[in-house]
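1. Here is the input, now give the coordinates:
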Amino acid sequence: MRHLSTLLCLVVLAAACGSDSGTEVITPTSPPPPVVPAPTGSWGPAIRVAVGQEVKATLEDHGAKHTFELTAPTSGTLITRVTWLGGELLALWADGVSLVQTSQSPMLGRLAVIAGETYRLTLADGAPWDYDNLTVPYVLTTHIER
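-> Numbers count the residues shown, from 1 in each chain. Predicted structure coming up:
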């Protein structure tokens with residue numbers, strides 16, 4: 001009786017392994033590009049800037065982000081330009097929406113704006129999962145095209 005139950009288990013396992021369930025397992029040849037989530041939680045105090053003002057600062061440490069707040073003096077397209085030495089992946093967000101992510105300088109972000117409305121721009125490390133040291137001096141400028 002014991003041999004019969006062992007044989008029965010083996011038959012069930014063999015049938016399960018050999019069954020074609022109609023599903024296909026696809027193994028990717030390369031990993032998909034990482035998706036960087038919008039910065040969340042407390043962004044800290046936003047730095048108030050005016051359109052046309054040049055900001056010089058440095059992102060330090062992976063996961064770092066700097067938030068700027070500006071009020072559009074006119075309606076049009078806000079152009080945000082960030083320049084740095086390049087090589088490090090940076091991401092630019094406006095009110096929690098991704099504008100651009102790149103490791104090539106300069107970075108240009110475009111956002112339709114309405115006169116009198118206030119907008120939050122966030123420049124963030126685009127690779128917060130990296131373990132090496134991060135020090136990225138940058139220059140951020142804005143202007144509005146009508």
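2. Please look at Asp61 and Leu134 and confirm they touch.
-> Yes - under the criterion of Cβ atoms under 8 Å, Asp61 makes contact with Leu134 at 5.7 Å. (C-beta placed from N, C-alpha, C; glycine too.)
3. Mutual contacts of these two, please.
-> Common contact partners of Asp61 and Leu134 (Cβ atoms under 8 Å, 6 or more residues apart in numbering): Asp125.
4. neighbour-wise, which of the two wins?
-> Under the criterion of other Cβ atoms under 10 Å, the comparison of Asp61 against Leu134 puts Leu134 first, with 18 against 10.
5. ok, that one - contacts?
-> Counting by Cβ under 8 Å, 6+ apart, Leu134 has contacts 59-62, 64, 88, 125.
6. do Gly109 as well
-> Per Cβ under 8 Å, 6+ apart, neighbours of Gly109: 79-80, 82, 92, 94, 99-100, 121.
7. List the beta-bridge partners for it.
-> Note on Gly109: beta-bridge partners by DSSP bridges are Thr80.
8. Can you tell me which of the contacts of Gly109 is closest to Pro45?
-> Leu121 (14.0 Å; Cβ to Cβ).
9. can you map out the strands along the chain?
-> Under the criterion DSSP state E, strands of the chain are mapped to 47-48, 55-60, 65-71, 76-83, 90-94, 97-102, 107-113, 118-125, 135-145.
10. before we move on, the earlier item: can you redo the contacts of Gly109 as TSV with distance to Leu140 and pLDDT?
-> Compiled in TSV, these are given as follows (distance: Cβ to Cβ, whole Å; pLDDT from 0 to 100):
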residue	distance to Leu140	pLDDT
Ile79	11	97
Thr80	7	97
Val82	5	97
Leu92	9	97
Ala94	13	95
Leu99	12	96
Val100	13	96
Leu121	8	96
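11. List only buried entries from these.
-> 80, 82, 92, 94, 99-100, 121 (16 or more other Cβ atoms under 10 Å).
12. so Trp93 bridges to which residues?
-> With DSSP bridges as the rule, Trp93 is bridged to Ser98, Thr122.
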